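[1] sharing a model prediction with you, sequence too.
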Amino acid sequence: MDTLFFDSDDLGLTEDFLSRAYSSMHIGSDDPGTVRTRISRAAMHSVSVDELDLGFEMSYSVTPLGRICLCLVHEGTIQDHTFDGVTDAFGPGDVVSFAPPELPYSGRVCHARYNITMLDTDLLTQVAAGAPGRVPGPVRLTGHRPHSPAAARRLRQTVGYVRDHVLASPGLADQPLVASTAAQHLAAGVLAAFPNTALTDPTATDRNDARPATLRRALAYIDDHAGEPVTVADIAAAAHVTVRGLQYAFRRHLDTTPLAHLRRVRLAHAHDDLRAADPLDGTTVTDVAARWGFFHPGRFATLYRSAYGRPPHRTLAG
């Protein structure tokens, strides 16, 4: 995991830092007071979460980021935010997508404290796209605001969850399965919140593809790769179907989802590791859970107790 901190009241240094941390940009301020900027970042592969505190009014003009950029405003406002003919303003509680990854944008930060969460565009495709050659083009967001207040609230919770339960613990965020699971969790939250081009309902072809043979290929792939960072798109490609077809097959034959089944398989591996571990050598439940992609200890304990009828620390001690 990578972290960085920036604290300066020099506008030139701030512009240079922002250009390196985000994309080439020009900033300016006519604010007669101090122009102090504070930024902290925690990042893992494909995802970064920043907290910014700008106690002055600053204009910005930014070249395309090439990534999905979410903004969650805590205090203050962002005014005259403009991209591709769209102009909007954001205040406390708002969560928005700043602009499509390929477009520049501009606006003004007005004495604001806010969160910037960026993720690679291909994460959306990993969560929602079809197998290679079956769906043209990547998944894209088609609106910059969530489609409902409830969707916005859930996305804020998801960002906070990743920030506070994964990125707040460097050792946890460095676990490959944790990073992969958290990134997919965030991407799924983005797709659930914003209008987008993903087609989630199965087509006639998807329904025809949802055969037992499809399911067997998917289950075999999951069993063979449970210890690796696996996406829904990976499983679908191995089963030679679209993501929609894969999800329909799991729902039809097993009444579950591919990721829920992957989680159960990983839980079984964690159970085996807990049984085999010697607590005297320093192994902890948190260590084993993270090794298998479970980044919230309380959630892991709940899942484990439901599956095995006892808390994980009992198995480790037993």
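    Structure received. Not measured: the values here are computed from a predicted model. Residues are numbered from 1 along each chain as shown.
[2] list the contacts of the closest residue to residue 36 other than its chain neighbours.
    Ranked by CB to CB, 6 or more residues apart in numbering and with sequence neighbours excluded, the top spatial neighbour of residue 36 is residue 9, at 4.2 Å. Heads up, the C-betas are built off the backbone N, CA and C, glycines and all. The contact partners of residue 9, by CB atoms under 8 Å, 6 or more residues apart in numbering, come to 34, 35, 36, 37.
[3] how much space between residue 9 and residue 54?
    11 Å (CB to CB, to the nearest Å).
[4] spell out which residues are contacts of both of these two.
    residue 37.
[5] need the residues that contact stretch 75-84.
    Against stretch 75-84 from outside (CB under 8 Å, 6+ apart): 54, 71, 87-92, 98-100, 103-114, 144.
[6] same question for it, mean pLDDT?
    Summarised as a single mean, pLDDT over stretch 75-84 is 97.
[7] then stretch 282-302?
    pLDDT averaged over stretch 282-302 gives 91.
[8] buried set for it?
    Residues of stretch 282-302 classed as buried by neighbour count (16 or more other CB atoms under 10 Å): 283, 285-297, 300-301.
[9] could you identify the most distant pair in these?
    283 and 296 (18.9 Å; CB to CB).
[10] just the contacts of stretch 75-84: which are in helices?
    Among those, no member falls in helices (criterion: DSSP state H).
[11] can I see the domain layout of this structure?
    Following automatic domain parsing, one gets these domains for the chain: 2-120, 123-262, 263-317.
[12] filter the contacts of residue 9 to the buried ones?
    35, 37.
[13] dump the contacts of residue 9 into JSON lines; add secondary structure and distance to residue 4 as well.
    As requested, the contacts of residue 9 are exported to JSON lines (DSSP: H, G, I helix; E, B strand; the rest coil; distance: CB to CB, whole Å):
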{"residue": "34", "secondary structure": "coil", "distance to residue 4": "22"}
{"residue": "35", "secondary structure": "coil", "distance to residue 4": "20"}
{"residue": "36", "secondary structure": "coil", "distance to residue 4": "17"}
{"residue": "37", "secondary structure": "strand", "distance to residue 4": "13"}
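[14] dump the contacts of residue 9 to a markdown table, plus distance to residue 75.
    Shown next, in a markdown table, are the contacts of residue 9 (distance: CB to CB, whole Å):
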| residue | distance to residue 75 |
| --- | --- |
| 34 | 17 |
| 35 | 17 |
| 36 | 15 |
| 37 | 15 |
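[15] now the contacts of residue 9 as JSON lines including distance to residue 315 and pLDDT?
    Formatted as JSON lines, the contacts of residue 9 follow (distance: CB to CB, whole Å; pLDDT from 0 to 100):
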{"residue": "34", "distance to residue 315": "56", "pLDDT": "89"}
{"residue": "35", "distance to residue 315": "56", "pLDDT": "93"}
{"residue": "36", "distance to residue 315": "51", "pLDDT": "95"}
{"residue": "37", "distance to residue 315": "49", "pLDDT": "96"}
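[16] which of the contacts of residue 9 sits closest to residue 166?
    residue 37 (25.6 Å).
[17] list the beta-bridge partners for that closest one.
    residue 8, residue 54 (DSSP bridges).
[18] and it, how far from residue 70?
    Residue 37 is 20 Å from residue 70, by CB to CB.
[19] where along the stretch 201-318 of the chain do the helices fall?
    Under the criterion DSSP state H, counting those that start in this stretch, the stretch 201-318 of the chain carries helices at the ranges 204-209, 212-225, 232-239, 243-254, 258-276, 285-291, 297-308, 312-317.
[20] so which of those gets nearest residue 42?
    Of all the helices of the stretch 201-318 of the chain, helix 285-291 comes closest under CB to CB, at 16.3 Å.
[21] put the alpha carbons of the closest one into CSV.
    What follows is helix 285-291, C-alpha atoms only, in CSV (Å, rounded to 0.1, in the frame of the first residue of the first chain):
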residue,chain,number,x,y,z
VAL,A,285,-7.5,-15.1,13.1
THR,A,286,-7.0,-11.7,11.4
ASP,A,287,-3.9,-13.0,9.6
VAL,A,288,-5.7,-16.1,8.3
ALA,A,289,-8.8,-14.1,7.3
ALA,A,290,-6.8,-11.5,5.4
ARG,A,291,-4.8,-14.3,3.6
